[in-house]
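Engineer: missing the sequence, but the structure's below:
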C-alpha cells in the first residue's frame, strides 16, 4: 500500500478547460458553482482522474506498463486547491485507489495494468 | 441515440499540452525518440486522453445544467497513438428521471481506420435535463 498527496490548482482547471473544451461553468465560474449548491468552483472529474493515473504511472508502474482499463466514481466534489491523499493498493495487475480530502472520500476506483 | 461519425486526430502538440498539464513524466509521452527507446513506433496516448475527443464533436442530445460527472469507465482495447486517424461516435443510453434530475450513460467509441474498436469511455452523468 502506498499513500501519495496531490492538489489541483485554479490554473490547472483553467488549462484543462482549454485542452478538453469542457467549459461547464461549475468549473470556471464561482457564482454558477454556488447556484448549483457548491461552495466553490469544482475540479473536472476527468482532470482528477488524469492526475490519479499520472501518479500511479510515475510512482508505481514501470515504463513499459500502462493502464488499459480504469473506472472511477466521483463520490464528492473536489474544490480548487483541495489536498487529496491517495491510497494505492496493488494486487498483481489490478490497482485499487481511493482519494480523500480530509476524512471525506472524493474519488474511488480501480485500474488494470498491462505490458 | 447516436451521433454521426467524426474523424479525430490527436497531434503531438495535443499530447504535449496534455502531459505537461497533468505532470506526466514518462518519456514515452514526451517525444517520438523517447517512445522509440521503449519499443513504440511513436508517441502513445496517455490513458485518459482519448476522452478529449469530446472537444471535437457534438453530443447527440443537448445536456442541460447542472451537468455532474458521477462515474467514468474507460477501456483501451488497443494502444492508441498520436497522428493516427480515429473515428468517433457518441451514444446516449439508459436515460431516467428522478425528482428533477436526469441520469444518463454517455459512451464515446473510438475506432481505427480498420474499423477495430480501440476505446470505449462510459460516462455516468446527472443532468438538469435533456433535450
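Structural biologist: That came in fine, so what should we check first? In this text the structure is predicted, and so the values were computed from the model without any measurement.

Engineer: for chain A, what lies in contact range of chain B?
Structural biologist: Residues of chain A lying near chain B by Cβ under 8 Å from any Cβ of the partner chain: A:12, A:15-16, A:19-22, A:24-26, A:32, A:36, A:44-47, A:49-51, A:53-54, A:57-58, A:63-64, A:66-74, A:111. Heads up, the C-betas are built off the backbone N, CA and C, glycines and all.

Engineer: just the buried residues of the residues you listed.
Structural biologist: By neighbour count, with 16 or more other Cβ atoms under 10 Å in any protein chain shown, these hold A:12, A:15-16, A:19-20, A:22, A:24-26, A:32, A:36, A:44-47, A:49-51, A:53-54, A:57, A:66-72, A:74, A:111 as buried.

Engineer: residue A:55 should be in a helix, yeah?
Structural biologist: Yes: membership of residue A:55 in a helix is supported by DSSP: H, G, I helix; E, B strand; the rest coil.

Engineer: give the closest residue to residue A:110 in space, chain neighbours not counted.
Structural biologist: Of all residues not flanking residue A:110 in the chain, residue A:96 sits nearest, at 5.0 Å (Cβ to Cβ, 6 or more residues apart in numbering or on different chains).

Engineer: got any ranges where chain A has weak pLDDT?
Structural biologist: Chain A contains no residues with pLDDT under 70.

Engineer: hang on, the earlier thing: in strands, which of the buried ones among the residues of chain A next to chain B fall?
Structural biologist: Using DSSP state E, the subset of these located in strands is A:66, A:67, A:68, A:69, A:70, A:71, A:72, A:74, A:111.

Engineer: residue B:16 versus the fifth one, what's the distance?
Structural biologist: The gap separating residue A:70 from residue B:16 is 22 Å, by Cβ to Cβ, to the nearest Å.

Engineer: tell me which residue is most central in the chain.
Structural biologist: As the question left the chain open, I've gone with chain A. The centre of chain A sits closest to residue A:48, judged by Cα atoms, centre = their mean, with a distance of 2.0 Å.

Engineer: actually chain B
Structural biologist: The centroid of chain B falls nearest to residue B:51 when counting by Cα atoms, centre = their mean (1.9 Å).

Engineer: is that one located within a helix, as I assumed?
Structural biologist: Yes: counting by three-state DSSP, residue B:51 is found in a helix.
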